[in-house]
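> Sequence plus the predicted model coming up.
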Amino acid sequence: RMETNCNPTELPNNTEFEEDSDFRDFEGTDVKDMRLEAEAIVNDVLFTVSNMFVSKTLPCAEDVAYINVETRERNRYCLELTEAGLRVVAYDFDQADDRLQTPYHETVYSLLDSLSPAYREVFGNALLQRLEALKKDSQS
């Protein structure tokens with residue numbers, strides 16, 4: 001499994017890799033996919049938590065990325081994002097404890113719902129506001 005520093009655009013342009021078909025079209029490969037997915041998750045739910053960002057210290061690969069999240073209750077977690085879903089891998093930023101056996105969640109909403117009552121309230125209120133706005137739009 002190939003690991004990278006999570007930012008393929010910063011990698012040097014090594015000509016020795018150009019013959020190897022695995023590296024020829026590096027920009028077009030899936031290496032950035034989990035990081036992009038992680039960034040999209042952060043952008044989607046950032047308003048519901050105190051802090052959330054993709055880890056820059058834990059290595060990401062084409063099949064894994066790590067997200068740090070601090071809930072409104074001030075609890076910190078490091079989340080692992082894989083094809084299997086999201087799960088807590090540590091109770092602090094930029095950590096991954098192999099011994100921690102936490103369940104996978106299919107969505108970030110499900111995971112945050114299980115970790116943070118404040119998330120549930122903020123997300124629910126945002127949903128209600130959107131529904132009210134839609135109702136007003138349809139009446140005008």
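On my side now, so go ahead. Numbering: from 1, shown residues only.

> Show the model's pLDDT score for residue 30.
pLDDT, residue 30: 44.

> With residue 140 instead?
So residue 140 comes in at 84 (pLDDT).

> in what helix or strand does the residue nearest the centre of the chain lie?
For the chain, the residue nearest the mean C-alpha position is residue 38 (2.8 Å; Cα atoms, centre = their mean). Per DSSP states H and E, residue 38 falls inside helix 33-45.

> ditto for residue 94
Under the criterion of DSSP H and E, residue 94 resides outside all helices and strands.

> Now do the nearest residue to residue 53 once chain neighbours are set aside against residue 121, distance only.
For residue 53, ignoring the flanking residues on the chain, the nearest one in space by Cβ to Cβ, 6 or more residues apart in numbering is residue 68 at 5.6 Å. C-betas here are computed from N, CA, C, even on glycine. Distance from residue 68 to residue 121, counting by Cβ to Cβ, to the nearest Å: 22 Å.

> Which of those two has more residues huddled nearby?
Counted by other Cβ atoms under 10 Å, residue 68 and residue 121 do not tie: residue 68 has more neighbours, with 22 against 12.

> From the contact counts, what lies against the longest helix along the chain?
The longest helix of the chain (DSSP state H) is helix 117-139. Counting contacts by 3 or more Cβ pairs under 8 Å, 6 or more residues apart in numbering; DSSP states H and E, helix 117-139 is packed against helix 108-115.
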